[in-house]
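Peer 1: sequence and predicted structure are below.
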Number of protein chains: 2
Amino acid sequence: MTQTVVVAVDAGGADAGPAEVSRAAELAAAEHGVRVLLFGPASALGTATPNVEVHDAPLSIAKHPDPVRAVRAHPEASVVQAVRAVAEGRADALVAGGSTGAALAAGLFRIKRAPGVHRPALAMRVPAPDHPFLMLDVGANTAVRPEHLVQFAHMGSAYAELLLGLESPRVALLSNGEEATKGSEDVVAAHALLGQASAGLNFIGNVEGFGIATGAADVIVCDGFTGNVVIKMMEGASSALMGAIRGAAEQGARFRLGGLLLRPALRGVREAVDPERQGGAMLLGLRKPVVVPHGSFGARGIAAAVGLAARAVREDLGGRTHAALEAGGALRTREVTSAAPGSLPGIRDSR
Amino acid sequence: MTQTVVVAVDAGGADAGPAEVSRAAELAAAEHGVRVLLFGPASALGTATPNVEVHDAPLSIAKHPDPVRAVRAHPEASVVQAVRAVAEGRADALVAGGSTGAALAAGLFRIKRAPGVHRPALAMRVPAPDHPFLMLDVGANTAVRPEHLVQFAHMGSAYAELLLGLESPRVALLSNGEEATKGSEDVVAAHALLGQASAGLNFIGNVEGFGIATGAADVIVCDGFTGNVVIKMMEGASSALMGAIRGAAEQGARFRLGGLLLRPALRGVREAVDPERQGGAMLLGLRKPVVVPHGSFGARGIAAAVGLAARAVREDLGGRTHAALEAGGALRTREVTSAAPGSLPGIRDSR
């Protein structure tokens, strides 16, 4: 008999409110066989059930403008309590939507980086039609150094093996040209590093913007500023184009009939690219899995996030990423320590 | 009687070959009433016509890995000769497709920056359905400083007035969050500068990736790395989604009929987002207009680029951008000179 996975869930950040997160917890417990520790205002969360334990934490810091300061100042906040449950071993993983900055800051303070990791990175499965891919960093670090990008490549590869079921995922650096000399200084330097020491990594070089949605790579590595712009743009562009097609189909009886006949097929496309199905972004590089669903997600999306967290625990994502970094010779050594203790230069609330 | 606009066109970079550029020159002369000086291998360009003057320049440096060096080493190259025609006043504007890096480098050496401009920036009209917008920089500078972004904002605003016919275009900084504190250090600093001194500028703050394709701003300002990724992604995402819809419509008789009925409407969407219709990117901030069509463009797209160049001359784009920079107090002063003479830190071939 295997141990039941326990997931700590912050109910304080979702746009739809804590009651929706409570529904998500029930849904996730039923669908994914997990136990949930739910942190939020007990008045809105309802009573505990066999698989959902309610912890009263009425204070939300999701909208706080300075998440790092808010985490330090408010140990009683729902997200901080949820993080502490993970840090203290009462839960195996964290799900915290709608307050990425606070989740990152609290995660770094309490759950801490995995050994040898410079910076954790947010990795997201992007549901491009026909060829989903993994992108990282999508918002944890607005600025990165070459050695960070190298670590992202290895951690992303390990996660893509698990999440996309690929044996040797094609890993690429995002740049403004395919040649090794193209890109910002940091990208060019990372390219050189990955070209030398990439044992266990299927590094295929640079990919351009055009290749993002067209399947040029399985794992696309970039800084968190660019990655955040890209994933939000994918969502925006899809919905804008869908809207334009809908608009075109409304311009006359002929088009209306065509749209009606096509509707089930279009629905298939829309579902395939639906972000809620993905469960959100996985923060790679901490000692325990942390999943960040979008603040706009409803119960279905948040339940998917809990499912993703459970899967990371069961399939030992932490062990896999560490092994990948070690095999690639990319673990941090003392000499290249990137940040002074206590400083969190890359952490901003980016979603 | 007004003077005929003369456009120098490099025929050495187009993927489709110099003969296609020659067809584009004829097309542009007829459609836009310009005279064209055409630089490329005379053997492929055909004989001169009343409106197209052929200059034999068989050497192309479009595929050279180091465009700055190539420009210095090969004064006889087609793009360098075309640039020289503009610099020496024999032509009013330049069109050079397929070798952005060489065009930028030669442009900076010979045509030179407009007074008070730190860095030229590539600006492109992005044909989002229902709300086209201008984006810059889309590839001239992989790294920028805050004062560069400020200049891009003013130059982009002036160009959008002309190109999009807007009176007070909404100008935004691209970032990973809407708040003024979100973004890379440079973006946060640029936001602060634009918030203080933006006379004549309708600065609306930050826009996120989601807002790019959904009409959140008329002018989106960013570094050339991010901008290049974004515009190439727009192209890739559009064609991927179109392909998925096409694929769905092929999955059965019902869908096939629906697709058939919708086809003219879908064609409308596709034409609206067709990059060739835009003519390519405008390099803002040199003493004369430079237009960079995509290397993959055919005669129609290159002719549109010539038309865009002619419009910039006739409507005094240079004077307008200078006036906008001056009104906004954003002209370079000696104290903040950004680059040592002769250095071209931001110039890479990015298309």
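Peer 2: Okay, I see it.
Peer 1: can you pull up the most central residue in chain A?
Peer 2: Nearest to the mean C-alpha position of chain A, by CA atoms, centre = their mean, lies residue A:281 at 1.4 Å.
Peer 1: and what about residue A:158, helix, strand or coil?
Peer 2: At residue A:158 the chain is in helix, as set by DSSP: H, G, I helix; E, B strand; the rest coil.
Peer 1: wouldn't it be in contact with residue A:320 here?
Peer 2: Yes. Using CB atoms under 8 Å, residue A:158 is in contact with residue A:320, at 4.3 Å. Placement of C-beta: from N, CA and C, glycine included.
Peer 1: neighbour-wise, which of the two wins?
Peer 2: residue A:158 (26 against 17; other CB atoms under 10 Å in any protein chain shown).
Peer 1: burial measure for residue A:179, as a count.
Peer 2: Neighbour tally, residue A:179, other CB under 10 Å: 14.
Peer 1: got a list of what it touches?
Peer 2: Shown in contact with residue A:179 (CB atoms under 8 Å, 6 or more residues apart in numbering or on different chains): A:206, B:65.
Peer 1: also residue A:7?
Peer 2: A:28, A:34-37, A:91-95, A:306, A:309-310, A:313.
Peer 1: same question for residue A:48.
Peer 2: Residues counted as contacts of residue A:48 (CB under 8 Å, 6+ apart) are residue A:54.
Peer 1: quick one: it from chain B, how far?
Peer 2: 35 Å (CB to the nearest CB, to the nearest Å).
Peer 1: would you list the phi and psi of that residue?
Peer 2: Per-residue torsions, residue A:48: phi -70, psi 150 (degrees, to the nearest 10).
Peer 1: tell me the pLDDT of it.
Peer 2: The confidence metric pLDDT takes the value 81 at residue A:48.
Peer 1: run a quick neighbour tally on residue A:287.
Peer 2: 17.
Peer 1: right, and the helix or strand after the helix or strand containing residue A:152?
Peer 2: Assigned by DSSP states H and E, residue A:152 belongs to helix A:146-164. Heading C-terminal from helix A:146-164, the first helix or strand you meet, by DSSP H and E, is strand A:170-174.
Peer 1: is that following strand positioned near chain B?
Peer 2: Yes. For strand A:170-174, a contact with chain B is found by CB under 8 Å from any CB of the partner chain, at residue A:174.
Peer 1: that strand pairs with which strands?
Peer 2: strand A:202-207 (parallel), strand A:219-221 (parallel) (DSSP bridges).
Peer 1: ok, and what's touching it?
Peer 2: Contacts with strand A:170-174, where a contact means CB under 8 Å, 6+ apart, come from A:149, A:153, A:156-157, A:160, A:183, A:187, A:190-191, A:194, A:201-209, A:211-212, A:216-222, A:226-227, A:230, B:229.
Peer 1: so which bits of the helix or strand following that strand are buried?
Peer 2: The helix or strand immediately downstream of strand A:170-174 is helix A:185-196, counting by DSSP H and E. Within helix A:185-196, the residues scored as buried using 16 or more other CB atoms under 10 Å in any protein chain shown are A:186, A:187, A:188, A:189, A:190, A:191, A:193, A:194.
Peer 1: what mean pLDDT does stretch A:316-324 get?
Peer 2: On average, stretch A:316-324 scores 96.
Peer 1: ok, and what's touching that stretch?
Peer 2: If you take CB under 8 Å, 6+ apart as the criterion, stretch A:316-324 is touched by A:114-116, A:154-155, A:157-159, A:161-162, A:200-201, A:282, A:284-285, A:287-289, A:311-312.
Peer 1: just the buried residues of those.
Peer 2: Here, 16+ other CB under 10 Å leaves A:114, A:154-155, A:157-159, A:161-162, A:200-201, A:282, A:284-285, A:287-289, A:311-312 buried among the contacts of stretch A:316-324.
Peer 1: so which of these are also by chain B?
Peer 2: Near chain B, by the rule CB under 8 Å from any CB, you find none of these.
Peer 1: that older thread, just checking: which of the buried residues of helix A:185-196 also lie near chain B?
Peer 2: Answer for those near chain B (CB under 8 Å from any CB): residue A:187.
Peer 1: how is chain A carved up into domains?
Peer 2: Structural domains assigned to chain A are A:1-120+A:285-315, A:121-276, following automatic domain parsing.
Peer 1: just checking, which of these comes out with the lowest mean pLDDT?
Peer 2: Mean pLDDT is lowest for domain A:121-276 out of the domains of chain A, coming in at a mean of 85.
Peer 1: between the two ends of that domain, how far is it?
Peer 2: One end of domain A:121-276 to the other measures 20 Å (CA to CA, to the nearest Å).
Peer 1: do the same with stretch A:294-305
Peer 2: End-to-end distance for stretch A:294-305, by CA to CA: 9 Å.
Peer 1: only the buried residues of it, if you could.
Peer 2: Across stretch A:294-305, burial judged by 16+ other CB under 10 Å covers A:294, A:295, A:297, A:298, A:299, A:300, A:301, A:302, A:303, A:304, A:305.
Peer 1: the second one touches residue A:14, doesn't it?
Peer 2: So the one you mean is residue A:295. Yes. Residue A:295 lies in contact with residue A:14 (CB under 8 Å); the separation is 6.2 Å.
Peer 1: from chain B, how far out is residue A:101?
Peer 2: For residue A:101 relative to chain B (CB to the nearest CB), the value is 9 Å.
Peer 1: what of residue A:77?
Peer 2: In terms of CB to the nearest CB, residue A:77 sits 20 Å off from chain B.
Peer 1: residues contacting that residue?
Peer 2: Contacts of residue A:77 (CB under 8 Å, 6+ apart): A:12, A:57, A:59, A:60, A:61, A:70, A:71, A:102.
Peer 1: in helices, which of the residues you listed fall?
Peer 2: Within the contacts of residue A:77, residues falling in helices by DSSP state H are A:70, A:71, A:102.
Peer 1: among those residues, which one has the most neighbours?
Peer 2: residue A:102 (31 neighbours).
Peer 1: contacting residues around that residue?
Peer 2: With CB under 8 Å, 6+ apart, residue A:102 has these contacts: A:13, A:61, A:62, A:64, A:67, A:70, A:71, A:77, A:79, A:80, A:96, A:349.
Peer 1: repeat that for residue A:28.
Peer 2: Per CB under 8 Å, 6+ apart, neighbours of residue A:28: A:7, A:34, A:36, A:302, A:303, A:306, A:307, A:310.
Peer 1: export those residues as TSV, with columns for secondary structure and distance to residue A:110.
Peer 2: Formatted as TSV, the contacts of residue A:28 follow (DSSP: H, G, I helix; E, B strand; the rest coil; distance: CB to CB, whole Å):
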residue	secondary structure	distance to residue A:110
A:7	strand	16
A:34	coil	21
A:36	strand	19
A:302	helix	22
A:303	helix	25
A:306	helix	20
A:307	helix	23
A:310	helix	20
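Peer 1: I am finished for the moment; much appreciated.
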